[in-house]
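>>> mind looking at a prediction? Sequence and model below.
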Amino acid sequence: MKKKSTLPALFFRALTALYLFGLTFLIAVQNSDSIWGNGETWVDASVYKYVAWMIDLGYMPYKDTFDHKGPLVYLFFLAGRRIASWRGVWVLYFVMLFVSLSVIWLIFRKCCSGAVSALLMLVITAVAFDYAIINMSPESMTIPFMAVGLYIFLDYFLYEKISAWRLLLTGVCFGCVLMIKAQMISVWFVFCIAVLIKNIREKTAQKILFFLAFFLAGTMAVILPVCLWLILGGAWKEFIAQYIVFNMEYARYYSGSTPLESTLAKGRALVFFFNRPVVLLCLFLLAALFYFKKSHRFFYAAYFVYLIMSIAVAAMSGRTYSHYGAAILVAVTWPLALSASFMSAEKPGIRTEGAKKQLQMSGGAFLVLAYLVCIFAAPVIFKKADNAIEILQNYNAGVTSLPSNLKGILDVIAQNTTEDDRITVHGLYDIIYGKSERLSASKYSYQHAFSRVETYRNDEYFAELDANPPKLILQGDPEPERMMEFIVSHGYHWIATSEEGDFKIYKRFDKAELPQEEWIDVLGKTDSLEDYLDLLKKLEEKHNIMVFLAVKGKAGDALTVKNASQLEALGFSNAGILLDDDYHTFLGVSKKNESLYEAVGGNGYDQYQGKIGGVELSLISAVKRRGNEASVKVGGVECALNRRGLNIVVYDPASSTMIDSVVFDVDDEETPCTR
């Protein structure tokens, strides 16, 4: 008998691979790290890149830099870095995503024909977007391993297929997930218990030792080398403290400080992840199969528990981040295949008796599939396809540069530091380290998580900055109070603000970098108000300096007509009003003996906040009973002495340094000077 040609089968496989490649590309091109993007990574991924960079330089995660993700996350990012710098991570991500979709395709083909499986892949692609796997998150990194694990369990429960290498493989996948994000193990947790129960019920418990031996061998093949690396690198203790202890505290902190708050937060997250048409359809189908079908009833029950647990895992932190639902993406694959299996003549998942009943069920399955494809999947696919086209058009037009906000920050860093200088970013934006190629002055490259969850780490952070003051501080944290205290006490000067205003940049100048001209010393030694104002007028004419003036309390009886005239000559045209017996607030900014800003008030409080001459300012003048304050903040740094009388600050915008800060108490006849 002539052997049947395999060309059609090969053609179908090639077409399938091309189709899966296209869907992978559609998802992956949305990632900012793609070769068509600009490389401004999702904020969490920028942390993983920073840790990978540190490892590449010979440092250890957990010990030399802080983060609370699994060690394989950093090793994957390290592998990507070595493939092709920051774009290499995307290459690795593309491969892992292609493997994920390929395994899901194989799961679909267990129940459905090729055509139906192709339609289901559109549905699962839309679900993938719903669970935000376009980002290289630890959750998305676990998807191929969870998918392989599910495929092996399906073969075991439905077709009694099991072997040593399959057990080893699922153990390896389990070990990888443990070392990436341990919460994502629901597929093994549920089905390993189901395997144990199944063998006890069938009185084949002797197989358990065989299963366990090879499964654990695969798991240890991953875990032992990673643990040995951490132990030899001296990072084991901190690995336990950050990956296990801190993660538990992190989940507890963000789910609520009281049992009621925690329960409500987790309940809200459960509703968020349950509220998906695909999830509800799968739960309904599994419940129906358990009720109506006698065969595989135990497996339907186990799978129902597995899907519920996957949702619970996503919601356990009490937060509604979509990518936490990556386990749900894998869990819905087989029920989706079952929902469409009635239409498949090739591999029916559930056999029914009678042509009429089969036709009815096929019609119902067709309607379900049509709804999922046309109503649920198609709008998402078309929207993302349109976005992909826009990304490629921008790339073709050369629009791939970094956003101007980040580029401006990087320019300031390049102009004010060398590659040997260390900086600190107070906030959560580790991409600045990578793009500027500047290391963090502290192992805490970001502060958002630990500063709230384990407050003692905040003390460690500032202790490390004390021991190794960074050249630049980029203040972008929404709670800047302690950092501003550090900035003021350690002599940092504001030099720039990012374009979007989210970061203020402060520099710590070496003595050699500060202005050393003779006139600065003369100004700093002048204690007479008349002499000081005369000297300021001459210096403003010669040098590119700015003078800020803020009155605290009352200008006082000791202010003379000559003093008022001198202030007017500096550019403060309304200074004469300070000679009145009444209280007056007064704010002023001058340059080249011309007023850039002036505000005169009565017996009250006056404030200004904004940019003047490219310098970011916050000015306050308040009389005794309305606050009694004088403040001159440059880039958030207080420069005024806030004492009674005329608070004067002399500032050099070219070097971003304060030249002098002085107060003349004009309520005292001798007008004493304080610096």
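Done, it's in. Residues are numbered from 1 along each chain as shown.

>>> how much space between the residue lying closest to Lys591 once chain neighbours are set aside and Leu536?
Nearest non-adjacent residue to Lys591, counting by Cβ to Cβ, 6 or more residues apart in numbering: Met546, 4.9 Å away. All C-beta spots, glycine's among them, are computed from the backbone N, C-alpha and C. In this view, Met546 and Leu536 are 11 Å apart by Cβ to Cβ, to the nearest Å.

>>> which residues are common contacts for the two?
Here Met546 and Leu536 share the contacting residues Val650, scored by Cβ atoms under 8 Å, 6 or more residues apart in numbering.

>>> ok now do the residue nearest to Lys591, which residues does it touch?
Val589, Ser590, Lys591, Leu596, Gly613, Val615, Val650, Tyr651, Asp652, Pro653.

>>> can you flag the buried ones in those residues?
Among the contacts of Met546, those buried by neighbour count (16 or more other Cβ atoms under 10 Å) are Val589, Ser590, Lys591, Leu596, Val615, Val650, Tyr651, Asp652, Pro653.

>>> farthest-separated two in these?
Farthest-apart pair in these is Leu596 and Asp652; separation 15.0 Å (Cβ to Cβ).

>>> what helices or strands is the helix or strand where Val313 lies leaning on?
Per DSSP states H and E: Val313 is located in helix 297-315. Applying 3 or more Cβ pairs under 8 Å, 6 or more residues apart in numbering; DSSP states H and E, one finds that helix 297-315 contacts helix 143-159, helix 186-201, helix 259-274, helix 277-292, helix 326-331, helix 333-341.

>>> now that helix and helix 186-201, what's the angle there?
Counting by axes from the mean of the first three to the mean of the last three Cα atoms, to 10 degrees, helix 297-315 points 150 degrees away from the direction of helix 186-201.

>>> helix 297-315 - what's its average pLDDT?
Mean pLDDT, helix 297-315: 93.

>>> with stretch 146-153 instead?
Averaging pLDDT along stretch 146-153 yields 97.

>>> repeat for stretch 73-87
pLDDT averaged over stretch 73-87 gives 89.

>>> which parts of the chain are strands?
Listed in chain order, the strands of the chain (DSSP state E) span 423-426, 472-475, 492-497, 504-508, 546-552, 586-591, 594-600, 605-612, 615-622, 629-634, 637-638, 645-652, 657-664, 673-674.

>>> minimum distance to Ile577: which of these has it?
Across these, closest to Ile577 is strand 594-600 (Cβ to Cβ), at 5.7 Å.

>>> which strands border that closest one, and is each parallel or antiparallel?
strand 586-591 (antiparallel) (DSSP bridges).

>>> return the distance of the partner strand from the chain's centre.
Remark: strand 586-591 is offset 41 Å from the chain centroid, using Cα atoms, centre = their mean, to the nearest Å.

>>> quick check: mean pLDDT across it?
Mean predicted confidence for strand 586-591 is 93.

>>> now it against strand 629-634, angle please.
Using the same axes, to 10 degrees: strand 586-591 against strand 629-634 is 30 degrees.

>>> quick one, strand 586-591 and strand 645-652 angle?
Angle, strand 586-591 to strand 645-652, by the same axes, to 10 degrees: 20 degrees.

>>> kindly export strand 586-591 (C-alpha atoms) in CSV.
The C-alpha coordinates for strand 586-591 follow below in CSV (Å, rounded to 0.1, in the frame of the first residue of the first chain):
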residue,chain,number,x,y,z
PHE,A,586,7.0,92.2,50.4
LEU,A,587,8.4,89.7,47.9
GLY,A,588,10.9,90.6,45.1
VAL,A,589,13.2,89.1,42.5
SER,A,590,15.7,91.2,40.7
LYS,A,591,18.4,90.7,38.1
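
>>> start and end of stretch 245-259, how far apart?
End-to-end distance of stretch 245-259 (Cα to Cα, to the nearest Å): 19 Å.

>>> can you list contacts of it?
Applying Cβ under 8 Å, 6+ apart, the contact partners of stretch 245-259 are 68, 261-266, 316-319, 449-450, 452-454.

>>> now render the strands of the chain as CSV, adding distance to Ala241.
Shown next, in CSV, are these (distance: least, Cβ to Cβ, whole Å):
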stretch, distance to Ala241
strand 423-426, 22
strand 472-475, 27
strand 492-497, 31
strand 504-508, 31
strand 546-552, 47
strand 586-591, 50
strand 594-600, 51
strand 605-612, 42
strand 615-622, 39
strand 629-634, 38
strand 637-638, 35
strand 645-652, 45
strand 657-664, 41
strand 673-674, 48
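
>>> between those strands, which gets nearest to Asn458?
Nearest to Asn458 among these is strand 423-426; the distance by Cβ to Cβ comes to 10.9 Å.

>>> could you check how far the closest one is from the centre of its chain?
15 Å.

>>> from the buried ones among the contacts of Met546, which is closest to Tyr74?
Closest approach between those and Tyr74, by Cβ to Cβ: Val615, at 41.0 Å.

>>> quick one: Ile223 and Met179 touch, right?
Yes: at 6.5 Å, Ile223 counts as touching Met179 under the criterion of Cβ atoms under 8 Å.

>>> which stretches of the stretch 51-200 of the chain aren't confidently modelled?
For the stretch 51-200 of the chain, residues meeting the criterion pLDDT under 70 lie at 132.

>>> that older thread, tell me what the residue nearest to Lys591 is bridged to.
For Met546, the beta-bridge partners are Lys591, Tyr651 (DSSP bridges).

>>> for it, give its distance to Asp527.
Separation of Met546 from Asp527 (Cβ to Cβ) stands at 22 Å.

>>> ok, the closest residue to Trp86 other than its chain neighbours - contacts?
Nearest non-adjacent residue to Trp86, counting by Cβ to Cβ, 6+ apart: Gly39, 5.4 Å away. If a contact means Cβ under 8 Å, 6+ apart, then Gly39 has Ser32, Asp33, Trp86, Arg87, Leu402, Lys435 as its contacts.
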